[in-house]
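Asks: for reference, the sequence and a predicted model appear below.
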Amino acid sequence: MNKLLIALGLATTVAFVGCAKKEEAPAAPAEQTEEAVPAAEATAADAATAAADAAATAADATANAATDVANATTDAAKDAAAATTEVAADAANAAADAANKAADATKDAAAH
């Protein structure tokens with residue numbers, strides 16, 4: 001508000017100085033200043049609205065990104081668990097096959 005008053009004061013001073021140097025005082029700077037105030041207020045309101053919208057959009061994007069990361073982490077954990085289970089099953093089967101072969105070899109050795 002202080003800046004606005006200073007701007008109005010400067011505009012008025014410029015208008016008065018212009019009047020002192022000329023015989024006829026132009027009314028345009030004062031009218032332009034009066035018209036500029038509502039325009040500046042409207043622009044400030046628009047900027048505030050745009051900033052609020054941008055903040056809301058950023059918050060939504062952050063929430064969506066966090067959800068996506070959580071889902072990806074869950075999927076990766078499930079995939080890792082499935083792979084571990086598969087490897088464990090393969091290892092168990094290999095151990096069973098090795099045990100069977102060892103038993104067969106022992107039987108063959110005992111038979112001879």
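Replies: Happy to help now that I have it.

Asks: going forward, measure contacts and count neighbours with C-alpha atoms only.
Replies: Will do.

Asks: lowest-confidence helix or strand of the chain?
Replies: Ranked by mean pLDDT, DSSP states H and E, the weakest helix or strand in the chain is helix 2-21, scoring a mean of 66.

Asks: what mean pLDDT does the very next helix or strand once past that helix have?
Replies: Next helix or strand after helix 2-21 toward the C-terminus (DSSP states H and E): helix 28-111. In this model, helix 28-111 has a mean pLDDT of 89.

Asks: show me what helix 28-111 is packed up against.
Replies: Contact here means 3 or more C-alpha pairs under 8 Å, 6 or more residues apart in numbering; DSSP states H and E; on that basis helix 28-111 packs against helix 2-21.

Asks: hmm, 6 Å instead?
Replies: The helices and strands touching helix 28-111, judged by 3 or more C-alpha pairs under 6 Å, 6 or more residues apart in numbering; DSSP states H and E, number zero.

Asks: how far does that helix sit from the chain's center?
Replies: Put simply, helix 28-111 sits 14 Å off its chain's centre (C-alpha atoms, centre = their mean, to the nearest Å).

Asks: kindly report the same for stretch 97-112.
Replies: 65 Å.

Asks: can I get the CA coordinates of that stretch in PDB?
Replies: Presented in PDB, the C-alpha positions along stretch 97-112 are these (Å, rounded to 0.1, in the frame of the first residue of the first chain):
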ATOM      1  CA  ASP A  97      18.300 -84.900  -7.200                       C
ATOM      2  CA  ALA A  98      21.800 -84.900  -5.800                       C
ATOM      3  CA  ALA A  99      20.600 -86.900  -2.800                       C
ATOM      4  CA  ASN A 100      18.900 -89.400  -5.000                       C
ATOM      5  CA  LYS A 101      22.000 -89.800  -7.200                       C
ATOM      6  CA  ALA A 102      24.100 -90.300  -4.100                       C
ATOM      7  CA  ALA A 103      21.700 -92.900  -2.800                       C
ATOM      8  CA  ASP A 104      21.700 -94.700  -6.200                       C
ATOM      9  CA  ALA A 105      25.500 -94.500  -6.300                       C
ATOM     10  CA  THR A 106      25.700 -96.000  -2.700                       C
ATOM     11  CA  LYS A 107      23.300 -98.800  -3.700                       C
ATOM     12  CA  ASP A 108      25.400 -99.500  -6.800                       C
ATOM     13  CA  ALA A 109      28.600 -99.500  -4.800                       C
ATOM     14  CA  ALA A 110      27.100-101.800  -2.200                       C
ATOM     15  CA  ALA A 111      25.800-104.200  -4.800                       C
ATOM     16  CA  HIS A 112      29.200-104.600  -6.400                       C
END
